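>>> please find the sequence and the predicted model below.
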Amino acid sequence: MSQSIRRIALSTGGGDAPGLNAVIRAATLAAVNRGWEVLGIRDGFNGLMNPEEYPQGGVVRLGREDVRGIVHLGGTILGTTNKGNPTAYPVQQLDGSWTEIDRTPELLGMFRAHSIDALITIGGDGSLTIGDHLQRAGMRVIGVPKTIDNDLERTEATFGFDTAVEFASECIDRLFSTATSHGRVIVVEVMGRHAGWIALHAGVACGAHAILIPEIPYVLEHVAETIREREERGAKFSIVVVAEGAAPVGGSVSLLAPEIGHAERLGGVGEKVAEQLQRLTGKEARTVVLGHLLRGGTPTAFDRLLGLRFGAAAVRALEAGMDGVMVALNADDMTYVPLSTVSKRQRTVPLDCDTMLTARDMAISFGDGLSR
């Protein structure tokens, strides 16, 4: 089967994540060492679908020299987007309204025009869902899981998560100093969409006093009670870590103003929680939103290595004749799972996982009134 491959393409889509360039380097070198040509598509699939926007070329050749010295760099040398879904591409009408069209046939034709035999798509659930769609339409596709949120099914870890948790932890550590000095409640809002992995891991690692995650609807009076109990014990400050997708019991997630091409933009819950806790406790409260700071910067050694392993494993999958699979980390081995079992699914925090049990044993509040 590997003899049928002469040229492959790499695409990075969705939000950027530390470790993307490691995947690009490993996949490029592994392919070149097999005698294959490698093309990189700019900004998801936009480099193919909108070539007029790229004077220097929406599709670029990748060789050894092009991927030299990029492993430690954040972001992606190919660029990325979360607005270029070819199956539901936004198009503005003459009257100013927007509609969506399916550009799949057009995109497949462009793959053929560039003599691309297979695609390695690197992204989160959105990009992998698109990859699954393209594979069903006739393109040979291998997926590589990418998200700082760590919320993809069938893989124990995604690159970018470790870096995000490391940076969030550093920020929370710093906030302990100012919270202690002023005797304040500081609410730290972190990314994670509808999964609480970043909030949970960073919060537990730093000794936060309350952690609010999407998996557990909260009642702020329970958090306020924890803050008051700490005050009675002489602890004048508290740290509350909030995942952007957390919501109160009977309430809904907090959304920012919508953008074209986005179904929703989570955010703002941290400010709401701080305002309510200040009213409930009478203590001064402040909010820090880490936001896109969690996406940028140098990847940790773990994320670099994981990205390299994913990239090389994707090429090995093509060499072995695989199609329509995602590379996954399971029991520290590279495995392969069908893209169809990952598409449109989300891995949330199990409430009985060991990190949750540890947090309960330490009496960290999750806003549900349970101590353990």
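Happy to help now that I have it.
>>> these two touch, right, residue 171 and residue 290?
Yes - using CB atoms under 8 Å, residue 171 is in contact with residue 290, at 5.9 Å. C-beta coordinates here come from the backbone N, C-alpha and C atoms, glycine included.
>>> which of the two has more neighbours?
residue 290 (21 against 17; other CB atoms under 10 Å).
>>> OK, contacts around that one?
By CB atoms under 8 Å, 6 or more residues apart in numbering, the contact set of residue 290 is 167-168, 171, 188-191.
>>> thinking again about what came up before, any common contacting residues for residue 171 and residue 290?
residue 188.
>>> quick one on the thing from earlier: mark which of the contacts of residue 290 are buried, thanks.
With burial judged by 16 or more other CB atoms under 10 Å, the buried subset of the contacts of residue 290 is 167-168, 171, 188-191.
>>> can you redo these as JSON lines with secondary structure?
Formatted as JSON lines, the buried ones among the contacts of residue 290 follow (DSSP: H, G, I helix; E, B strand; the rest coil):
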{"residue": "167", "secondary structure": "helix"}
{"residue": "168", "secondary structure": "helix"}
{"residue": "171", "secondary structure": "helix"}
{"residue": "188", "secondary structure": "strand"}
{"residue": "189", "secondary structure": "strand"}
{"residue": "190", "secondary structure": "strand"}
{"residue": "191", "secondary structure": "coil"}
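>>> which one of those is nearest to residue 43?
Closest approach between the buried ones among the contacts of residue 290 and residue 43, by CB to CB: residue 191, at 21.1 Å.
>>> ok, which stretches of the protein are helices?
Counting by DSSP state H, the chain has these helices, from start to end: 20-32, 46-49, 104-113, 125-136, 161-182, 197-206, 220-232, 269-281, 301-319, 354-361.
>>> can you give me the neighbour number for residue 366?
Residues near residue 366, counting by other CB under 10 Å: 26.
>>> ok, the closest residue to residue 325 other than its chain neighbours - contacts?
Distances taken as CB to CB, 6 or more residues apart in numbering put residue 336 closest to residue 325, at 4.3 Å, once the chain neighbours are dropped. Contact analysis of residue 336 by CB under 8 Å, 6+ apart lists 313, 317, 322, 325-328.
>>> then residue 179?
Residues in contact with residue 179, defined by CB under 8 Å, 6+ apart, are 185-186, 237-239.
>>> got the phi and psi for residue 282?
When read as degrees, to the nearest 10, the backbone of residue 282 gives phi 80, psi 0.
>>> got the contact list for it?
Contacts of residue 282 (CB under 8 Å, 6+ apart): none.
>>> next one: it relative to residue 14, how far apart?
Residue 282 sits 42 Å away from residue 14, going by CB to CB, to the nearest Å.
>>> repeat for residue 114
Noted for residue 114: a distance of 22 Å to residue 14, by CB to CB.
>>> for the two, indicate the residue with more neighbours.
residue 14 (21 against 13).
>>> related to what we said a few turns ago, of the contacts of residue 290, which pair is most distant in space?
The distance between the two most remote of these (CB to CB) is 13.9 Å, for 167 and 189.
>>> which one of the buried ones among the contacts of residue 290 is nearest residue 275?
Using CB to CB, the buried ones among the contacts of residue 290 come closest to residue 275 at residue 189, 12.7 Å.
>>> quick check: that closest one touching residue 274?
No - using CB under 8 Å as the test, residue 189 is too far from residue 274 to be in contact (9.1 Å).
>>> which neighbours do those two share?
residue 287.
>>> residues contacting the residue nearest the centre of the chain?
Central residue of the chain (CA atoms, centre = their mean): residue 147, 2.5 Å from the mean position. Residue 147 is in contact with 14-15, 17, 123-125, 158, 160-161, counting by CB under 8 Å, 6+ apart.
>>> now it: how far from residue 209?
As judged by CB to CB, residue 147 and residue 209 stand 28 Å apart.
>>> so what strands line up beside the helix or strand of the chain with the lowest mean pLDDT?
Within the chain, no helix or strand scores below strand 89-92, which has a mean of 88 by mean pLDDT, DSSP states H and E. Here strand 89-92 is paired, per DSSP bridges, with strand 98-101 (antiparallel).
>>> give me the residues contacting the strand it pairs with.
Strand 98-101 is contacted by residues 88-93, 260 when judged by CB under 8 Å, 6+ apart.
>>> the same query, at a cut-off of 10 Å, please.
The contact list for strand 98-101 (CB atoms under 10 Å, 6 or more residues apart in numbering) reads 85-93, 260-261.
>>> adding distance to residue 346 and neighbour count, write those out as CSV.
Shown next, in CSV, are the contacts of strand 98-101 (distance: CB to CB, whole Å; neighbours: other CB atoms under 10 Å):
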residue, distance to residue 346, neighbour count
85, 18, 21
86, 22, 22
87, 19, 15
88, 19, 12
89, 24, 21
90, 23, 14
91, 28, 10
92, 31, 10
93, 33, 8
260, 24, 8
261, 20, 15
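>>> what about stretch 45-56, start to end distance?
Start-to-end span of stretch 45-56 (CA to CA, to the nearest Å) is 16 Å.
>>> and it, what's buried?
Residues of stretch 45-56 classed as buried: 45-49, 54 (neighbour count, 16+ other CB under 10 Å).
>>> and for stretch 4-20?
For stretch 4-20, burial by neighbour count (16+ other CB under 10 Å) applies to 5, 7-20.
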